[in-house]
Structures are given as structure tokens and as C-alpha cells.
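[1] predicted model follows, preceded by the sequence.
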Amino acid sequence: MRLGPDSGILKYFSDTIFQECGDTEVTAPQEGNSFFRGTLRDLVNHTRYGQNDATYMTQTTLRMLGDNVEANVPSALRRLNWLAALPDDLKPDWFWLMIGQAKTGSPRHVDTGASSAWNLLLWGQKAWKFGSPAIALSEHRLPLKGEVFRDTSWKSFEHTQLPGELIFTPAGWVHEVINIEPSAALTGNFVNSTNIHAAIEFAQQQNDPDREQILRDVSAAFCGK
């Protein structure tokens with residue numbers, strides 16, 4: 001799915017956010033166990049024009065950038081996550097702004113807690129590689145039984161993401177991402193009808209009864225069971 005350049009979410013997170021939150025202090029890991037420390041505006045300039053020292057900010061959530069930043073994520077994307085209905089002390093902080101230099105990326109992994117995810121590229125290019133849950137199981141990256149997922153066939157594919165493209169990663173799919181060029185993206189994780197049962201089983205296998213009960217309560221609230 002590709003959004004047009006006049007899309008409100010693209011305009012805000014590609015431009016406005018750096019005006020409103022540009023002076024916010026951020027931290028990003030670099031090569032050699034070093035860290036970039038400076039403002040968000042400085043990070044963007046370093047990412048685009050500075051020496052390539054593998055700077056990649058991946059752990060900065062929208063809440064960390066400001067109290068009202070999340071409100072600029074369209075409601076259609078926010079509503080994907082049933083856990084957003086939880087009280088603030090239980091609600092996961094699952095929206096991130098990710099900014100990285102060329103050749104940085106995320107190593108092969110499956111998203112946390114059997115969640116699914118979406119990723120909107122703001123600028124730059126990303127190379128994605130995906131593998132279905134059957135592949136994730138074969139690589140011992142998935143502690144869940146394959147039958148939890150609707151699609152247990154052996155599938156893999158690659159995709160080059162361009163600005164404005166919105167990519168969805170289903171729960172249980174193993175994936176890795178490389179920034180082909182300096183890139184910024186907005187990403188969010190979610191649990192809903194597509195993966196709530198996988199999330200419950202994940203909590204069981206992680207011996208986390210509190211989280212399991214929360215997920216069961218959420219499932220009952222939305223599904224009535």
C-alpha cells in the first residue's frame with residue numbers, strides 16, 4: 001500500500017514533527033558501542049549528511065517525543081491495536097520513529113509477543129526479507145506451535161520499500177531490514193483478531209500469567225469469548 005505525498009501522516013512525520021520536536025534530546029546506538037546524543041534535528045542532519053558511523057535510532061517511541069505526537073497517527077492505524085484500549089499503566093508503548101544511516105538495519109527476528117506490525121517509510125529506501133512462520137519455526141525463532149497461525153506454509157520473499165509505502169508484517173513472520181540509503185520510518189505493533197490467540201499462547205509459553213490474563217480479558221471484551 002502506498003500513500004500519496006499529500007497524506008497527512010506523511011506530511012506530519014516527514015516534516016512537521018522535526019519542527020515541533022526538533023529540539024527533543026534523543027539517543028541512538030552507533031558502531032563500536034558508541035552512541036549519538038543530541039537533538040532530533042541534529043540526528044536527522046547527521047543521518048543524512050554526516051560520516052557514516054552506523055547510527056540507527058530504533059527505540060524512540062512517539063510518547064518520548066511529546067505527549068500529543070501519537071494523535072497524528074491516523075485512527076485507522078491506532079485502532080488496529082486492541083491493547084490501546086487498556087489503561088495507561090498497562091498499555092504497551094508501541095509506536096516508534098526510526099531513523100538510520102545507509103547500511104544500518106534490523107537483524108532477522110520475529111516481532112515481540114506474537115504481535116503484528118506496520119511500517120511506513122517516510123524517506124529513504126529499505127530492503128526487506130520475509131519468511132513465513134514455518135521458516136521462523138525451522139530457525140528456532142518462534143516458540144509457538146505452527147498451527148496457531150493461519151498460514152503455516154513455507155514462503156519467503158523480498159521487497160524494496162519506497163517513501164510512502166506502508167508494509168504489514170503478520171504475527172510470526174521472521175523478517176530483516178536494511179536501510180539502502182539514509183531512511184526514516186514510522187512503525188507500530190498491534191494485537192487484534194488476527195493474532196490475539198497467538199499472543200495468549202505466547203504469554204503462556206513465556207510463563208507470564210499476568211499478561212495472559214490481560215490478553216484474555218481483551219479478547220473477551222472485543223470478541224465476547
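    Received the coordinates, thanks. Numbers count the residues shown, from 1 in each chain.

[2] Thr160: neighbouring residues, count only.
    10 (other CB atoms under 10 Å). Glycine gets a C-beta too; all of them are placed from N, C-alpha and C.

[3] contacting residues for it?
    Gln125, Lys126, Ala127, Trp128, Ile180 (CB atoms under 8 Å, 6 or more residues apart in numbering).

[4] if you rank these by neighbours, which is first?
    Lys126 leads these on contacts (other CB under 10 Å) with 24 neighbours.

[5] what ranges do the strands span in the protein?
    25-29, 35-39, 56-57, 95-100, 105-109, 116-131, 156-161, 166-169, 174-190 (DSSP state E).

[6] which residues sit against the shortest one?
    Pointing back at strand 56-57 there. 26-30, 36, 43, 97-101, 104-105, 179.

[7] check the first one too.
    The contact list for strand 25-29 (CB under 8 Å, 6+ apart) reads 35-40, 43, 54-58, 60, 64, 99-100.

[8] any idea how far Trp118 is from Glu181?
    Here the criterion is CB to CB, to the nearest Å. By it, Trp118 lies 21 Å from Glu181.

[9] please say which of the two ends up with more neighbours.
    Trp118 (17 against 13).

[10] what residues are up against that one?
    Contacts of Trp118 (CB under 8 Å, 6+ apart): Leu77, Leu80, Leu166, Ile167, Phe168, Thr169, Thr187, Gly188, Phe190.

[11] isn't the first one right up against Gly188?
    Spelled out, it's Leu77. Yes - using CB atoms under 8 Å, Leu77 is in contact with Gly188, at 6.3 Å.

[12] of those two, which one has the most company?
    Each of Leu77 and Gly188 has its neighbours counted (other CB under 10 Å); Gly188 has more, 22 against 16.

[13] residue contacts, that one?
    Val73, Leu77, Arg78, Leu80, Asn81, Trp94, Phe95, Trp96, Ala117, Trp118.

[14] filter the residues you listed to the buried ones?
    Val73, Leu77, Leu80, Asn81, Trp94, Phe95, Trp96, Ala117, Trp118 (16 or more other CB atoms under 10 Å).
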